[in-house]
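Okay, predicted coordinates and the sequence, questions at the end:
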Amino acid sequence: MKNFIFIIIPGLFFLLQSCQNTSKPISDSKLNLQINQFIGSWIQPNPINEKEVQGFILNTDGTAQSINMATLKYKKWWINSDKLVLVLESIGNRVSTIDTIKYDVIVINDKELKLKDGDYIDEYRRK
């Protein structure tokens, strides 16, 4: 009977620990990300025409819009821990694909947004 208790008690403890919610709320993220920090227009120089800008608008309802990008349409956005998640549609010749990209947020403040995807870093400024 003692062996039974020594097996059951640790087993119950392990079961209870594994059932706890381990997801982090936004306020516990490294940068203390808040949704309202992201809302608005974010732009960067257009690499094809330096006289123009391109970027996206992040709306309060979770929708997103492209700025000066006819073949890349931003659709939705949200924050997941330390990541900005963007859903976009890439439009080509008679083909379009939907993609979801999870960017690491390096910097976010009133003027600047830096996002990292693998080794690639995108820099934006608030419009």
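Everything's here; your move. Residues are numbered from 1 along each chain as shown.

Tell me where this protein has helices.
With DSSP state H as the criterion, the chain has helices at 2-18, 35-38.

which one of the ones you listed has the lowest average pLDDT?
Lowest mean pLDDT within these: helix 2-18, a mean of 46.

So for the biggest strand by length in the chain, mean pLDDT?
Secondary structure assigned by DSSP state E gives strand 96-108 as the longest strand of the chain. Strand 96-108 comes out with an average pLDDT of 96.

Would you mind writing the CA trace of that strand as CSV?
Only the C-alpha atoms of strand 96-108 are listed here, as CSV (Å, rounded to 0.1, in the frame of the first residue of the first chain):
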residue,chain,number,x,y,z
SER,A,96,-2.7,34.4,-55.1
THR,A,97,-1.4,32.9,-51.8
ILE,A,98,-2.2,33.6,-48.2
ASP,A,99,0.7,33.6,-45.8
THR,A,100,1.0,34.1,-42.0
ILE,A,101,4.3,35.6,-40.8
LYS,A,102,5.3,35.7,-37.2
TYR,A,103,7.8,38.5,-36.7
ASP,A,104,9.9,38.9,-33.5
VAL,A,105,9.5,42.5,-32.3
ILE,A,106,12.9,44.0,-31.7
VAL,A,107,11.8,47.6,-31.1
ILE,A,108,8.4,49.3,-30.8
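
Which residues in that strand does the neighbour count mark as buried?
103-105, 108 (16 or more other CB atoms under 10 Å). No exception for glycine: its C-beta is placed from N, CA and C like everyone else's.
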